[in-house]
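S.K.: Quick one, fold the following:
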Amino acid sequence: MLRLCAFQPDIAQNLGSMIRIGACFGVPVDVISPCGFPFSVKALRRSAMDYADIAEVVHHDSWDAFRAGRTPGRLVLMTTAADSDLWDFSFQAGDTLMMGRESAGVPPEVHAAADARVRVPMPGGGRSLNVAVTAGIAVAEAMRQLVSGEHETKY
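M.R.: Predicted structure coming up:
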């Protein structure tokens, strides 16, 4: 199973979009606090609409709490500071795709803890994409690879 993780999100609407992505793709969403807004079920319902009710959201009080309770698998950090392009990366079942803060990405210790660092190539020359847009692109590509791999195995 694939997971999506939001590291200390700054903007409730972006987290709401990531929760919607998780609900639509059947991907659990980990949220690592502190957040730049009050984290509550009420806030989630407002930003994620009714998708918060069907999404699996796991809240972690801190980076250390996330690490202690993390499911097995690789931590794949989506970052503009990556060497690997999304299209060249091979996802595996059990991967957790981590998105950094909108304002600052992730701190060096989180960057160093990632098993892989991947970026969405932007041939148009932009600096970066919205974090929720990046999450959607990355989850879709990971799911495409994993589902494609399942079909090859089945047939």
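S.K.: drop to CA atoms for contacts and neighbour counts, all remaining ones
M.R.: OK.
S.K.: for this structure, which spans come out with low pLDDT?
M.R.: 41-49, 149-155 (pLDDT under 70).
S.K.: For it, which segments count as helices?
M.R.: Under the criterion DSSP state H, helices of the chain are mapped to 12-25, 41-48, 51-54, 63-69, 108-113, 131-154.
S.K.: so what does the first one touch, helix or strand wise?
M.R.: To tie it back to what came earlier, the one meant is helix 12-25. Where contact means 3 or more Cα pairs under 8 Å, 6 or more residues apart in numbering; DSSP states H and E, helix 12-25 is packed against strand 3-7, strand 29-32, helix 41-48, helix 51-54, helix 131-154.
S.K.: Any idea how many residues pack against N130?
M.R.: Around N130 there are 9 other residues, counting by other Cα atoms under 10 Å.
S.K.: do the same with V131
M.R.: 23.
S.K.: P38 too?
M.R.: As a measure of burial, P38 has 12 neighbours, counting by other Cα under 10 Å.
S.K.: Kindly provide the distance from it to E141.
M.R.: 31 Å (Cα to Cα, to the nearest Å).
S.K.: ditto for A116
M.R.: Counting by Cα to Cα - A116 and E141 are separated by 16 Å.
S.K.: circling back: can you say which of the helices of the chain is nearest to G94?
M.R.: helix 131-154 (10.3 Å; Cα to Cα).
S.K.: Run through who's touching that closest one.
M.R.: 2, 4, 14-15, 17-18, 21, 78, 86-87, 90-93, 97, 99-102, 120 (Cα atoms under 8 Å, 6 or more residues apart in numbering).
S.K.: Between helix 12-25 and that helix, find me the angle.
M.R.: 10 degrees (axes from the mean of the first three to the mean of the last three Cα atoms, to 10 degrees).
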